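Novice: sequence below, structure please.
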Amino acid sequence: MGSQERSKKKGQLWKKAIVHFMLCFVMGFFTGFAPTSKSSIFSSHVTMSLSTSYSPQPMEVLHQSRTQNQNRSLLDYTEPAAGQNHSAKKAVVAQEEKREIEEFNPRRLVIVVTPTSTRNKLRKVLLRRLANTLRLVAQPLLWVVVEQQSNDSEVSEILRKTGIMYRHVVFKENFTDAHSEMDHQRNLALNHIEHHRLSGIVHFAGLSNVYDLSFFEEIRGIEAFGAWPIAKLSANRKKVVIEGPVCDSSEVMGGI
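Specialist: So this is what the prediction gives:
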């Protein structure tokens, strides 16, 4: 009996040893698949935490700089707008002042005297061209056209269609000299102006003349008498001849 109990106890001890061995083997087997140390896990957590804690800082700086740039761009954009508004206000004020000045000091009447001659074959064409120029001149303006009386009414039709305030003056005298006829027409226009008491600046405009519109604004400032140089083609049309007054300060001494 004693030997059997001893053999049973030895068998139980071997079984326990085998079980413990198997358990240790299994634990060691699965432990090999697990991480070898906790430092790597900890370091990864530290790296992630550091990256998450420090990464927003450069983003905030970039955002601030972008906001500043946007604010600067807005300031740069609004400043010209304010300047444009200021210049627009100045323009409006200048226009109002100019309008008030014109109301108190209205423009002087410009009386344009144009002698015509039937000897000029291009008379009607040149008359239309001059009419187109005078139509663009600021009012008030009066156009006095002088011609010899005839049965042709085309000049009257041209004047009616211009839209310009005009006077059509005719005469019956016959002239053989072109210069004498021109002088007579000018004197006739001056008599018409004096007879009807027209007050303004009188300018003798030939049909062949070409004008800059600013010229008519300049002559409105003449007080008594004004003269200026003009350019003409020579007889052979190869040279330009300048004709004008000889002046001593503001006094006209003669002409060349």
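Novice: need the three-state assignment for I111.
Specialist: I111 falls in the strand class when you classify it by DSSP: H, G, I helix; E, B strand; the rest coil.
Novice: that one contacts H192, correct?
Specialist: No. Contact between I111 and H192 fails when scored by CB atoms under 8 Å: they sit 9.8 Å apart. Just so you know, the C-beta spots here come from the backbone N, C-alpha and C atoms, and that holds for glycine as well.
Novice: looking at these two, which is more packed in?
Specialist: Set I111 next to H192 and count neighbours by other CB atoms under 10 Å: I111 wins out with 22 against 16.
Novice: tell me the spacing between that one and A205.
Specialist: Here I111 is placed at a distance of 10 Å from A205 (CB to CB, to the nearest Å).
Novice: mutual contacts of I111 and H192, please.
Specialist: With contacts defined as CB atoms under 8 Å, 6 or more residues apart in numbering, the residues shared by I111 and H192 are V144.
Novice: okay, now the unreliable bits of the stretch 101-250 of the chain?
Specialist: Across the stretch 101-250 of the chain, the ranges flagged by pLDDT under 70 are 101-105.
Novice: which residue ranges form the helices in it?
Specialist: Assigned by DSSP state H, counting those that start in this stretch, the helices in the stretch 101-250 of the chain fall at 123-134, 154-160, 178-195, 213-219.
Novice: contacts only, for the closest residue to E243 other than its chain neighbours.
Specialist: Distances taken as CB to CB, 6 or more residues apart in numbering put I230 closest to E243, at 5.7 Å, once the chain neighbours are dropped. When contacts are counted by CB under 8 Å, 6+ apart, I230 is found next to 242-244.
Novice: thought R186 was touching V113?
Specialist: Yes. Between R186 and V113 there is a contact under CB under 8 Å: 6.5 Å.
Novice: got the buried residues for the longest strand seen in the chain?
Specialist: Identified as the longest strand of the chain according to DSSP state E is strand 141-148. Under the neighbour-count criterion of 16 or more other CB atoms under 10 Å, strand 141-148 has 141-148 buried.
Novice: kindly report the same for stretch 117-131.
Specialist: Neighbour counts using 16+ other CB under 10 Å place 123-124, 126-127, 130-131 of stretch 117-131 among the buried residues.
Novice: which two among these are spaced furthest apart?
Specialist: Within those, R123 and A131 form the most distant pair, 12.3 Å apart (CB to CB).
Novice: angle of the longest strand of the chain against helix 178-195?
Specialist: Interaxial angle of strand 141-148 relative to helix 178-195 (axes from the mean of the first three to the mean of the last three CA atoms, to 10 degrees): 130 degrees.
Novice: paired strands for strand 141-148, with orientation please.
Specialist: Strand pairing for strand 141-148, using DSSP bridges, gives strand 110-115 (parallel), strand 166-171 (parallel).
Novice: return the most buried member of those strands.
Specialist: Among the strands paired with strand 141-148, judged by mean count of other CB atoms under 10 Å, the one packed with the most neighbours on average is strand 110-115 (a mean of 23).
Novice: tilt between that one and helix 123-134?
Specialist: Using the same axes, to 10 degrees, one finds that strand 110-115 and helix 123-134 are set 170 degrees apart in direction.
Novice: and strand 110-115, C-alpha only, in PDB?
Specialist: The C-alpha coordinates for strand 110-115 follow below in PDB (Å, rounded to 0.1, in the frame of the first residue of the first chain):
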ATOM      1  CA  VAL A 110     -18.500 135.600 -81.600                       C
ATOM      2  CA  ILE A 111     -19.600 137.100 -84.900                       C
ATOM      3  CA  VAL A 112     -18.000 135.200 -87.800                       C
ATOM      4  CA  VAL A 113     -18.100 137.100 -91.100                       C
ATOM      5  CA  THR A 114     -17.500 135.000 -94.300                       C
ATOM      6  CA  PRO A 115     -17.400 136.700 -97.700                       C
END
